[in-house]
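Novice: Provided below are the primary sequence and the corresponding predicted coordinates.
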Amino acid sequence: AALTVRFLTRRFIGEYGDMEFIYSHNLTVDGREILFHIWDVPNSQQAEEGSSEEKRIQWADSFVLVYSICDRASFNILPPKIQFIKAAKEGQSQEKVPIVIVGNKQDLHHQRVVSSEEGRLLALSLDCGFYEVSAAE
């Protein structure tokens, strides 16, 4: 949620509830107006499997999966999540689904438990993009 709000408003808010939201946002990219629809799902709700998870995956054209560099569990759920997404999306077509892995809280490097190298290697092994960021900064 912090990254979504930062992207949409350029502001950082540190505390969020445990709710999912759909945001719409216009942005000009390469001279073209693009309308983004962002379905922001908290980590606690991402864990559920079944029709709700499949509905989210079918709804989206691309995925940004965010973990905290200070939380190993948030990183460890990524491989099965990405495999689930790829099976659902790429099984229907021959096109590669765009997935980016983002390690957040780079500003809390002193609390880091997931190295940058681990994030890069995971992204490379799963054919995803990779970034580390700080929503706070």
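Specialist: Thanks, I have it. As the structure is a computational prediction, the values presented were derived from the model and not from experiment.
Novice: all helices of the protein, in order?
Specialist: Remark: helices assigned in the chain by DSSP state H are 2-9, 43-46, 51-59, 72-76, 78-90, 116-125.
Novice: between these, which gets the lowest average pLDDT?
Specialist: Mean pLDDT across the helices of the chain is lowest at helix 43-46; the value there is a mean of 52.
Novice: quick one on the thing from earlier: of the helices of the chain, which is nearest Leu108?
Specialist: For Leu108, the closest of the helices of the chain is helix 2-9, at 12.2 Å, according to CB to CB. C-beta here means a position set from N, CA and C on the backbone, and glycine is covered the same way.
Novice: where does the residue of the chain most remote from its centre land on pLDDT?
Specialist: What lies farthest from the middle of the chain is Gly31; by CA atoms, centre = their mean that is 25.4 Å. Looking at Gly31, its pLDDT is 94.
Novice: which residues pair with the residue nearest the centre of the chain across the strands?
Specialist: Note on the chain: the residue nearest the mean C-alpha position is Leu65, at 2.1 Å, using CA atoms, centre = their mean. With DSSP bridges as the criterion, Leu65 is bridged to Ile101.
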